[in-house]
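# let's see this in three dimensions:
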Amino acid sequence: MYILLILLAFILLTLSFFESHSISIEHSYLFKIRLATIKAFIGIAFFSYIICETLSLFNTFSLNYVLISWVLINGIIIFLNKEKIKLNVFSVFSQKIIIPKKEKNILFFISFVIILPLLLLAIFIPPNNWDSMAYHLPRVEHWIQNKNIYPYPTNIVRQVLTSPLSEYIIANFQILASTDSFSNLVQFASFIFILFSATLFFSILKIGMKGQLFLLLALLSLPMMLFQATTTQTDLLASFFFLSFILFALLIIRTEANFKTNFIFLALSLTLGILTKYHIAIFAAPIVLYLLFVLLKKKNNANIIFAVLISCLTIAIILVPLFARNIYFFGSITGKDLFDENATIVNSTISIQNMLSNNFKHIVDFISLPVNGYNNLLFSVNHSLHNLIGVSENMPGNNWAGELFTVNNYLNEDTAGSIIHAALIILSLILVFKSKHKTKLLLLFAYCFIAFSLYGLLFRYTPFDIRLLLPVLIL
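Just a heads-up that it's a prediction; the model follows:
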């Protein structure tokens, strides 16, 4: 099965990136193997993008050429890293993983009761949600038929306008496998690597195995994570790139070691994240400014020049081709003029009142339940808050498609919130004040609030905003 070439590339990249004698801030085997697999997944996404864009230039996006491309990629990886791969094959499998028995049992439980069933669902249940049928998968079929990824005539403009990276990866899977059975695996893999990225944060912050297990359980019980893991939606992939961007930013801030490697993966994570969902740029903007401040403060001219060059290069390679096509074909980067005025997602008026209005509605949606009486109470509270700030929850131009605001009372991959996780967030904020790292943690909460509010400031409220806010909610 030709799709195994992608799996082989992932394994070879993992072995290439595994630092058996790393001088990084963390030396544990589990840390290094998680970090290597995250880098490998970013590499697979990048190669999938390059294949789609390059073959499309010659109208050769078809099985033979995609197959040749992945054979070449595997060959190049082996050629460039032959000695390291050979060394790390023995190093990886000779390592003794020391996990206490209780924690090991919990991991086995998680693997067999949650992760394995989700994997089986992702493979054996066909994609069937609305967005998959409307544009995620149809655009893949059109690309395969046309042998390129360029715009084509369609009455569903999202097929030719929305950020395409997830579908680029799916298209590579589908062409090599000659079936769409593996289309859901992009989101499922993102689900797994979100868990890896999140627990790496805790490792860097010196939080032990028990804390990391609690984090795993918290993330694995987030309904939106579970629902999206078996679909061809793109929000988990976007969340993964956002978290990996934060991860590499954290590594850069905390240590000078491996600066160049970490910055390359930071730049790749951000640009590939934007290529998955444009609004990742909005979430990342405050961190980009903070990183710029850190780099200038350290006064390392070589690192600053390297960072500027890599940033320009990744933007030019990954974002410019799509942006240029959209401007040429549709008149703007997002092609917003093709949408009806009410169907655009940008707020008609940028104001603090509209931002607060959207923030209130997002919070209400997140803590809603499929219980009408409870939701009616939430609606009343939301209405009172809107009276307080002097705007209507149904203000024209502030709600997508001019829809009236109603509290979500159903759970699916577009709208699922979690009152339990809302309570956990509030509890953690209270506990911050008892922490010796109070200032840093408060800054993290402040950043999450700023990112959350930037979304409400710039974009209209939609009933499915919880999934679009997922990167920030996970953070």
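# in stretch 244-254, which residues are buried?
By neighbour count, with 16 or more other C-beta atoms under 10 Å as the criterion, the buried positions of stretch 244-254 are 244-252. Using the backbone N, CA and C atoms, a C-beta is placed for each residue, glycine as well.
# wait, stretch 355-374
Neighbour-count burial for stretch 355-374, counted by 16+ other C-beta under 10 Å, picks out 355-369.
# got the CA coordinates for it in PDB?
Below are the C-alpha coordinates for stretch 355-374, written out as PDB (Å, rounded to 0.1, in the frame of the first residue of the first chain):
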ATOM      1  CA  MET A 355     -15.900  42.600  21.200                       C
ATOM      2  CA  LEU A 356     -17.500  42.300  24.600                       C
ATOM      3  CA  SER A 357     -20.800  41.200  23.000                       C
ATOM      4  CA  ASN A 358     -19.000  38.400  21.100                       C
ATOM      5  CA  ASN A 359     -17.000  37.400  24.200                       C
ATOM      6  CA  PHE A 360     -20.200  37.000  26.200                       C
ATOM      7  CA  LYS A 361     -21.800  34.900  23.500                       C
ATOM      8  CA  HIS A 362     -18.800  32.700  23.200                       C
ATOM      9  CA  ILE A 363     -18.600  32.100  26.900                       C
ATOM     10  CA  VAL A 364     -22.400  31.300  27.100                       C
ATOM     11  CA  ASP A 365     -22.000  28.800  24.200                       C
ATOM     12  CA  PHE A 366     -19.000  27.200  25.900                       C
ATOM     13  CA  ILE A 367     -20.900  26.600  29.200                       C
ATOM     14  CA  SER A 368     -24.300  25.700  27.600                       C
ATOM     15  CA  LEU A 369     -25.900  22.200  28.000                       C
ATOM     16  CA  PRO A 370     -28.500  20.300  26.100                       C
ATOM     17  CA  VAL A 371     -31.000  21.400  28.900                       C
ATOM     18  CA  ASN A 372     -33.500  24.000  27.800                       C
ATOM     19  CA  GLY A 373     -34.300  25.400  31.200                       C
ATOM     20  CA  TYR A 374     -30.600  26.000  32.000                       C
END
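# which of the buried residues of stretch 244-254 fall in helices?
If you go by DSSP state H, these have 244-252 in helices.
# what's the following helix or strand after the lengthiest helix in the chain?
In the chain, with assignment by DSSP H, the single longest helix is helix 63-94. The element immediately downstream of helix 63-94 (helix or strand, assigned by DSSP states H and E) is helix 101-110.
# distance between the helix or strand following that next one and the chain's centre?
Moving toward the C-terminus from helix 101-110, the first helix or strand encountered (DSSP H and E) is helix 116-124. On the basis of C-alpha atoms, centre = their mean, to the nearest Å, helix 116-124 is displaced by 20 Å from the centre of the chain it belongs to.
# same question, stretch 209-223
Computed by C-alpha atoms, centre = their mean, the chain-centroid distance of stretch 209-223 equals 18 Å.
# repeat for stretch 122-131
For stretch 122-131, the separation from the chain centroid amounts to 19 Å (computed by C-alpha atoms, centre = their mean).
# stretch 165-182 too?
Taking C-alpha atoms, centre = their mean, one finds the center of stretch 165-182 at 18 Å from the center of the full chain.
# stretch 417-435 now?
For stretch 417-435, the separation from the chain centroid amounts to 23 Å (computed by C-alpha atoms, centre = their mean).
# then stretch 177-189?
Averaged C-alpha coordinates place stretch 177-189 at 17 Å from its chain's average position (C-alpha atoms, centre = their mean).
# pull the CA atoms of that stretch into CSV?
What follows is stretch 177-189, C-alpha atoms only, in CSV (Å, rounded to 0.1, in the frame of the first residue of the first chain):
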residue,chain,number,x,y,z
ALA,A,177,-4.2,4.9,-0.9
SER,A,178,-6.7,5.1,-3.8
THR,A,179,-9.4,5.5,-1.1
ASP,A,180,-10.7,8.1,1.3
SER,A,181,-10.6,5.7,4.2
PHE,A,182,-7.7,7.5,5.7
SER,A,183,-9.0,11.0,5.3
ASN,A,184,-9.9,11.3,9.0
LEU,A,185,-6.3,10.4,10.1
VAL,A,186,-5.1,14.0,9.6
GLN,A,187,-7.3,15.2,12.4
PHE,A,188,-6.6,12.1,14.5
ALA,A,189,-2.9,12.5,14.2
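# which residues touch residue 197?
With contacts taken as C-beta atoms under 8 Å, 6 or more residues apart in numbering, residue 197 has the following neighbours: 38, 240, 243-244, 247.
# against residue 224, how distant is the nearest residue to it once chain neighbours are set aside?
With C-beta to C-beta, 6 or more residues apart in numbering as the measure, residue 243 is the residue that lies nearest to residue 197, at 4.2 Å, once sequence neighbours are left out. Noted for residue 243: a distance of 14 Å to residue 224, by C-beta to C-beta, to the nearest Å.
# and residue 304, by the same measure?
With C-beta to C-beta as the criterion, residue 304 and residue 224 are 38 Å apart.
# so for those two, which sits in the more crowded spot?
For residue 304 and residue 224, the more surrounded residue by other C-beta atoms under 10 Å is residue 224, and the numbers stand at 27 against 14.
# state the helix or strand in which the more buried one lies.
In the assignment (DSSP H and E), residue 224 maps to helix 223-228.
# that helix packs against which elements?
Packing contacts for helix 223-228, counted by 3 or more C-beta pairs under 8 Å, 6 or more residues apart in numbering; DSSP states H and E, involve helix 185-204, helix 235-254, helix 465-468, helix 470-474.
# deepest-packed of these, please.
helix 235-254 (a mean of 25; mean count of other C-beta atoms under 10 Å).
# show me what the helix or strand where residue 217 lies is packed against.
In this structure, residue 217 sits in helix 209-220 according to DSSP H and E. The helices and strands touching helix 209-220, judged by 3+ C-beta pairs under 8 Å, 6+ apart, are helix 101-110, helix 185-204.
# which ones are touching the residue nearest to residue 197?
By C-beta under 8 Å, 6+ apart, the contact set of residue 243 is 194, 197-198, 201, 471, 474-475.
# low-confidence bits of the stretch 301-450 of the chain, can you list those?
For the stretch 301-450 of the chain, residues meeting the criterion pLDDT under 70 lie at 336-343.
# let's see 50
Within the stretch 301-450 of the chain, no stretch has pLDDT under 50.
# which stretches in it count as helices?
The residue ranges that make up the helices of the stretch 301-450 of the chain, judged by DSSP state H, counting those that start in this stretch, are 301-314, 320-330, 352-366, 372-389, 419-432, 438-458.
# out of those helices, nearest to residue 31?
Distances from residue 31 to each of those were compared using C-beta to C-beta; the minimum, 20.6 Å, belongs to helix 438-458.
# mind listing what's buried in the closest one?
In terms of neighbour count (16+ other C-beta under 10 Å), helix 438-458 has its buried residues at 441, 447-448, 451-458.
# what does stretch 171-178 give?
171-177.
# for the record, mean pLDDT for that stretch?
When pLDDT is averaged over stretch 171-178, the result is 96.
# now tell me what touches it from outside.
With contacts defined as C-beta under 8 Å, 6+ apart, stretch 171-178 is touched by 1-3, 5-6, 48, 51-52, 61-63, 66-67, 70, 140, 143-144, 149, 180, 182-183, 185-186.
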